[in-house]
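Engineer: How does the following fold in three dimensions:
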Amino acid sequence: MSSKQNTRKNNHFLSSYIPNPKELRTIVISLTITICLFFIGILLISLNHQQLMMQDYKHYKIIVKQFGSISRILYFAVLAIYPVFLLLKWKRLKTIKWRNFQLKSFLQFLGKLVRKWHVPLALASTGAVFLHGYLAIIRGFKWDFTHITGILAIILLFFLLFMGLRRFKRKDKKWHFKLAIGFLILFMIHASF
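Structural biologist: Below is the predicted model:
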């Protein structure tokens, strides 16, 4: 069996959603790195579980919030794809110039950049969110507004990831975008209160 057939067989689930082999390879590498980092995080949390539980709640909450802040920054970078591509669709964009600088050429470069990093950063931030949620739950789950909005955001994130897979074949009926807006609102509410 050739290595091409072996690769196609090993990645059958993702290859059925992602037809471009170069994008598929990037996503598989990003997913593998994210899963490895997630399990390293779980291992470190497990090894330091007793110390974490003995910490003052305020100090522990700072650690939990750091993972949330990392994921929030990464999600804003992921969400940058939407305004960039919206501006690229604007017809008057061609007319905006300043000396030799054309805004459209800069936005096209930026569009390639955010398109390339959209999925890898989304996967990395999802891993950070799962560590954030795990740390929040192991110290003691409370039925308060913050925990409930966090759980709702993670549930919405699962649907967002699934629709992201369907987006590669344009079979999501714009649900990936709608869920992304809903997730943005929900995680901002969660982070603010």
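Engineer: And the strands in this protein, which stretches?
Structural biologist: 97-98, 101-102 (DSSP state E).
Engineer: how about low-confidence regions in this protein?
Structural biologist: For the chain, the stretches flagged by pLDDT under 70 are 1-12.
Engineer: let's see it at 90
Structural biologist: Along the chain, segments meeting pLDDT under 90 span 1-20, 57, 87-106, 139-142, 166, 168-172, 192-193.
Engineer: Identify the single longest helix in it, thanks.
Structural biologist: helix 103-138 (DSSP state H).
Engineer: Show me what that helix packs onto, helices and strands only.
Structural biologist: helix 21-47, helix 49-54, helix 57-79, helix 81-88, helix 145-167 (3 or more Cβ pairs under 8 Å, 6 or more residues apart in numbering; DSSP states H and E). From N, CA and C alone the C-beta is placed, and that goes for glycine too.
Engineer: Now mean neighbour count and distance to Leu123 too, for these, in JSON lines please.
Structural biologist: What follows is the helices and strands packed on helix 103-138, written out as JSON lines (neighbours: other Cβ atoms under 10 Å; distance: least, Cβ to Cβ, whole Å):
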{"stretch": "helix 21-47", "mean neighbour count": "14", "distance to Leu123": "5"}
{"stretch": "helix 49-54", "mean neighbour count": "10", "distance to Leu123": "25"}
{"stretch": "helix 57-79", "mean neighbour count": "16", "distance to Leu123": "9"}
{"stretch": "helix 81-88", "mean neighbour count": "14", "distance to Leu123": "14"}
{"stretch": "helix 145-167", "mean neighbour count": "17", "distance to Leu123": "9"}
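Engineer: between these, which one is nearest to Lys97?
Structural biologist: Counting by Cβ to Cβ, Lys97 lies closest to helix 81-88 out of the helices and strands packed on helix 103-138; the figure is 14.9 Å.
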